[in-house]
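In: Dropping a prediction and its sequence here:
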Amino acid sequence: MKATFARSEPRPAARWLHRQTLWLTALILAAGAAAVNAEDQPDAKAGEKKAEKSGDPEPLTPEEFFEGGKETYANWIEFSTGGLFTSGNNAQAQQRTQYREGAFGGIEDLHYTGKAGKGATLTLDGRAIFDNDDYRLGLALAKEKLGFIRVRGETFRTWASGDGGFYHPGGLPFPLQPDNELALDRGEFSVEAGLTLKNLPALTFRYTHRYRDGEKPSTIWGTVDAAGVGSVQGLVPAFYDLDETSDLFELELQHQIKKTTVGLGARYETTDLDNALKTSLWQGGAQPKITDRSSVEYDLFSVNAFTETWIKPRLFFSSGFLWSDLNSTFTGSRIYGTDYDVAFSANPFNGLGYTNLVGFADQQEYVLNLNLLTIPAKNLTVTPSLRAQRTDWEAGSTAGQTTPGNLISARSDGDRIDVRERLDIRYSGLTNWSFHARGEWTQAEGNIREQGGLSSPVAAITRDTDDERRFQKYSLGAKWYPTRKTSVDVGGYWKRNHYDYDHNVDSTGNAGGNRYPAYLVMQNFETRNGHCRLTLRPRANLSLVTRYEYQVSTIETRPDAASGLGEIESADMTSHIVGQNVTWTPWARLALQLGVNYVSSETATPAPSVTQAVLDAQNNYWTVQTSGTLVLDDKSDLTLGYTWYRADNFDDNSAFGVPFGAGAEEHSVSATVTRRLTERVRVALSYGFVHYTDETSGGNNDFEAHFLSARLQYRF
Amino acid sequence: MKRLLAYSHSLAARRAGFLPLFFAVVALALVPISCRTVNRAAVVLPSVPGADYIGSKDCEQCHEEIYRDFATADHANLLAPGRNARHVGCESCHGPASLHSDSGGEIPPPYTFRAGRPASTDAGGRIGTADPRAVQTVCYHCHLDIRGKFSLASHHPVPEGRMNCTECHDPHKGHALKAGRAAARAADEGCLQCHPAQRGPFVFPHEAMNEGCTACHDPHGSVNAKMLTQRDSTLCLKCHMQQPVGGRLLIGGSDHTLRVQQGTCWTAGCHEAVHGSRVSSSLRF
């Protein structure tokens, strides 16, 4: 018997389960629930028909299902409080969970939409979580046939661990001192206003201010003699100290002229970056701190124009043109000291550095696009496209090299023209089938000239290189729907990206000791990919999606013949990606979801045949996500979740090199109870627990975290 | 709290025995719960009781422009004639739309990606609160491998609700429309909006940048820090590996056999300036 979801009708599953309550064990309960489900699943048409016949009330709308009652409210404010409590590596816990350790609270979510006069709509959205530095406010006012104004501000903090590596033989961790808990604030403020008057061009102006301010980790680790035998390894943490702001002004004009939409746009961006990479070195050094500061100011101005024309219902043409001009200046230094951000003081034991860097970099770009979409037959779509891009750039710098004290002078320029063609074909002339094919081709030519740079330990360089790029990619795919409950998706592609380099001038002789740059004469990238997906809905309450992807990529490299070396396959990358999703509603009040992914991925190079310091790279991992939602009663839900992540690539070759592959495991469980107290008020209590272990860090990044949260939502 | 933490630590150590107990408790809890008669159902979007698939063609009546432009989208490859494929197209992501259509648009379709929709049940157990406006839960139905990548140690903050799939991928419009506007003047422009320090041009560029950000980074997620596609020097050796000569690892003619023991190629002072340098042709810094 099919169930209708009419109000107040008792659920057959509930009656059935009620009779079994006393003797059902947990296992039997689950199995029993599955068994009754076939009769208990919502079926729209059947429900509607029965309702019509029996005179029962109308089926519930989706909102009523989601919200638990007939009255639903479009606006709400939700307050929350909670906290993250950790043991172990707090910085790692914060990075993984993106919550600050400790308590937090405030407005989790605010939404209001209402009328603001005839034909006008006001929308307000907000969020303010104190002590987690998470704030957002958006206000929009729109009036039909007139225009709109939107104001939006957002700032939030991201957390990261600043820890470096771990030396396994000595059991030595290298945490960032004095504090390994790094945080970076990101934010954006924007104002957007538009006029949408009837029969007149639509005009939009947008101002956006973006910023990043704070610290984040780097993988450019400093060196240390961990073994104490004079052999240094890069294990000491480094971090970026960022202070970035960007201001964007955008103006867009769009108008419909008969069948053609014509658009004009202008964009101006001014950006100010004051960033520093801060690295600690071998503790035995006289000046073990390096501050590598880079301050860049750039102005980017661009204009663009486009047309879009549906010439006929089956013929579409679009064109676009863009010109951009980038002008930047920069300053910088790389200074060793007893602390960060200190003035330069000479020390013969320091490594290379520089002071008083000044320079410029300018770039112009031209882009032209032409696209045609045609449907020559009912089930055939053909889309040829052409794209051409030309880029010209030049840059120059001067600085004082500190060890030894030489003057650095460098200059470079280059140009590149890039022409891409693309052809898309889609055919759906067979019932329940769809086929598509795509070809992409690129012909690119460029030139780069470089002169100068650091003069020691290798001499400054002079080179003039022409390069030629030939890219091609062919994709094929098919979708097949053999039944209403089954779909099959198969596809694959082959692509090749081939570079040839011709070094007209090269001061770094390719038979000598220092050969870069202007050393390689050919590189060839090839990828073969195949993938398939099977979607099954064997029953109304069960959905299964299975996906498999296989990919092999190779890179072939040939250095200049003067080197005496021949062509080699410098890398071979193989990946198998397997995924499975299951969505099952064994009982009308219980929904279960499962997602599993397994990836086996290896990158092999010839290096391991020479040194154990570099092993073939493994990126294998498992991820599992499960969740279940149980409707406890008319007002309460319980949601449980579990996730698992495992990367088992750790290989302790610390005697030969660093790092050693990612080895980590994480379990997390969560539970949330939601209770609707009234039609307007609901509360939710959540608890989560994370257990994380990290073999690569020798356990120093391990943590456990408890997350508690209580939320109160008021709807209006 | 310390006691709680200590207890949880011991629990974790014994989690092999904890999990069966946990599931048994949950299962037993179902017994009294099952006695209750309720008027609601657990809903897993996009399946919605009372709503049925009507086919994308019906959507054209009110969403003419979106329907027309959808012909340019990659997702249009899903469309096929025949009853078996009736549910694909608009309703693949927005869910069965019969109630939406029958009500003249008053009842939104199951997935409208706007405020006010139900919280996702697809949070997957990550701690924290699920983003009720999350878009990605729909995408994960088919792109399940991407869901796995966003669960990895290093990922863009999509699960945290700071970004969503549509910021980088337009589900409605395809190449012919987007390219016409010349917005994608470079594939990496989207990355540079948030990472302006990598924009360049540099005095000494790294030619690998011609291959784009994805030559070294997986934007969806990686087991390695910084979403790197390889964790160690293999990342560079993919392109810079030359033949081993006499048991030595020669890179650019220079013997790197001992240097690679010190760590990654971008270890401090070696080749830090992986995106390009303003002073060093060897990209030292």
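Out: Good, I have the coordinates. Numbering: from 1, shown residues only, chains lettered A, B, ... in the order given.
In: Identify the bridge partners of A:Ser190.
Out: A:Arg152, A:Thr208 (DSSP bridges).
In: That one and A:Arg152 touch, don't they?
Out: Yes - using Cβ atoms under 8 Å, A:Ser190 is in contact with A:Arg152, at 5.0 Å. Every C-beta, even on glycine, is put in place using the N, C-alpha and C of the backbone.
In: So for these two, which residues contact both of them?
Out: Common contact partners of A:Ser190 and A:Arg152 (Cβ atoms under 8 Å, 6 or more residues apart in numbering or on different chains): none.
In: Please work out how many residues are found near the closest residue to A:Ser455 other than its chain neighbours.
Out: In space, and not counting its chain neighbours, A:Ser455 is closest to A:Asn406: 4.9 Å by Cβ to Cβ, 6 or more residues apart in numbering or on different chains. By other Cβ atoms under 10 Å in any protein chain shown, the residues close to A:Asn406 number 15.
In: and A:Asn406, what is it in contact with?
Out: A:400, A:455-456.
In: Show me those that map onto strands.
Out: Among those, the members found in strands (DSSP state E) are A:Gly400.
In: I'd like to know which of the contacts of A:Asn406 are buried.
Out: Buried by 16 or more other Cβ atoms under 10 Å in any protein chain shown: nothing, out of the contacts of A:Asn406.
In: pLDDT added to the contacts of A:Asn406, as JSON lines?
Out: Listed next are these as JSON lines, based on pLDDT from 0 to 100:
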{"residue": "A:Gly400", "pLDDT": "93"}
{"residue": "A:Ser455", "pLDDT": "80"}
{"residue": "A:Ser456", "pLDDT": "75"}
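In: Make TSV out of the contacts of A:Asn406 and add distance to A:Arg426.
Out: Rendered in TSV, the data for the contacts of A:Asn406 read as follows (distance: Cβ to Cβ, whole Å):
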residue	distance to A:Arg426
A:Gly400	60
A:Ser455	58
A:Ser456	59
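In: just to revisit the earlier point, what's the per-residue pLDDT of the residue nearest to A:Ser455 here?
Out: Looking at A:Asn406, its pLDDT is 84.
In: Next, give phi and psi for it.
Out: Main-chain dihedrals, A:Asn406, degrees, to the nearest 10: phi -100, psi 160.
In: Distance from the chain centre to stretch A:698-710, please.
Out: Centroid separation between stretch A:698-710 and its chain, computed with Cα atoms, centre = their mean, to the nearest Å, is 24 Å.
In: For stretch B:242-259, list every residue counted as buried.
Out: Buried-residue list, stretch B:242-259, by 16+ other Cβ under 10 Å: B:242-244, B:249-254, B:256-257, B:259.
In: ditto for stretch A:504-515
Out: A:506, A:508, A:510, A:514-515.
In: ok now that stretch, how far from the chain's centre?
Out: 39 Å.
In: Can that stretch be said to contact chain B?
Out: Yes - judged by Cβ under 8 Å from any Cβ of the partner chain, stretch A:504-515 and chain B are in contact via A:510-515.
In: List just the nearest of the residues you listed to B:Gly95.
Out: A:Arg515 (59.4 Å; Cβ to Cβ).
In: Which residue, other than its chain neighbours, is closest to the closest one?
Out: With sequence-adjacent residues excluded and distances taken as Cβ to Cβ, 6+ apart, A:Arg515 is closest to B:Gly253, at 4.0 Å.
In: Tell me how many other residues crowd the spatially closest residue to B:Met241 that is not a sequence neighbour.
Out: Residue nearest to B:Met241 in three dimensions, not counting chain neighbours: A:Ser570, with 3.9 Å by Cβ to Cβ, 6+ apart. Close neighbours of A:Ser570, defined as other Cβ under 10 Å, add up to 24.
In: for A:Gly477, same thing?
Out: Neighbour tally, A:Gly477, other Cβ under 10 Å: 19.
In: try the one 5 residues further on
Out: Burial of A:Pro482, expressed as a neighbour count using other Cβ under 10 Å, amounts to 11.
In: Just to be sure, it is in a strand?
Out: Yes - checked against DSSP: H, G, I helix; E, B strand; the rest coil, A:Pro482 lies within a strand.
In: Look up how far A:Ile461 lies from it.
Out: 62 Å (Cβ to Cβ, to the nearest Å).
In: Geometric centre of chain A: which residue is closest?
Out: Geometric centre of chain A, nearest residue: A:Thr158, 14.3 Å, by Cα atoms, centre = their mean.
In: wait, what's in contact with that residue?
Out: Each residue near A:Thr158 by Cβ under 8 Å, 6+ apart is listed here: A:98, A:183-184, A:186, A:216, B:157, B:162.
In: List the buried residues for whichever helix or strand A:Thr331 is part of?
Out: Secondary structure assignment for A:Thr331, by DSSP states H and E: strand A:315-337. By 16+ other Cβ under 10 Å, the buried positions in strand A:315-337 come out as A:316-324, A:326, A:328, A:330-337.
In: when you check chain B, which of the residues you listed turn up near it?
Out: Contacts with chain B within the buried residues of strand A:315-337, counted by Cβ under 8 Å from any Cβ: A:316, A:318-322, A:324, A:326, A:330, A:332, A:334.
In: With pLDDT as added columns, please give these in CSV.
Out: As requested, those are exported to CSV (pLDDT from 0 to 100):
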residue, pLDDT
A:Phe316, 93
A:Ser318, 92
A:Ser319, 92
A:Gly320, 91
A:Phe321, 92
A:Leu322, 91
A:Ser324, 93
A:Leu326, 95
A:Phe330, 97
A:Gly332, 96
A:Arg334, 95
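In: Put together a markdown table for those residues, with distance to B:Gly174 on each row.
Out: Below are these laid out as a markdown table (distance: Cβ to Cβ, whole Å):
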| residue | distance to B:Gly174 |
| --- | --- |
| A:Phe316 | 11 |
| A:Ser318 | 11 |
| A:Ser319 | 16 |
| A:Gly320 | 14 |
| A:Phe321 | 20 |
| A:Leu322 | 19 |
| A:Ser324 | 24 |
| A:Leu326 | 29 |
| A:Phe330 | 38 |
| A:Gly332 | 42 |
| A:Arg334 | 46 |
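In: Closest one to B:Asn77 out of those, please.
Out: The closest of these to B:Asn77 turns out to be A:Phe316 (Cβ to Cβ; 16.9 Å).
In: Just among the contacts of A:Thr158, which is most surrounded?
Out: Highest neighbour count within these, by other Cβ under 10 Å: A:Gln98, with 22 neighbours.
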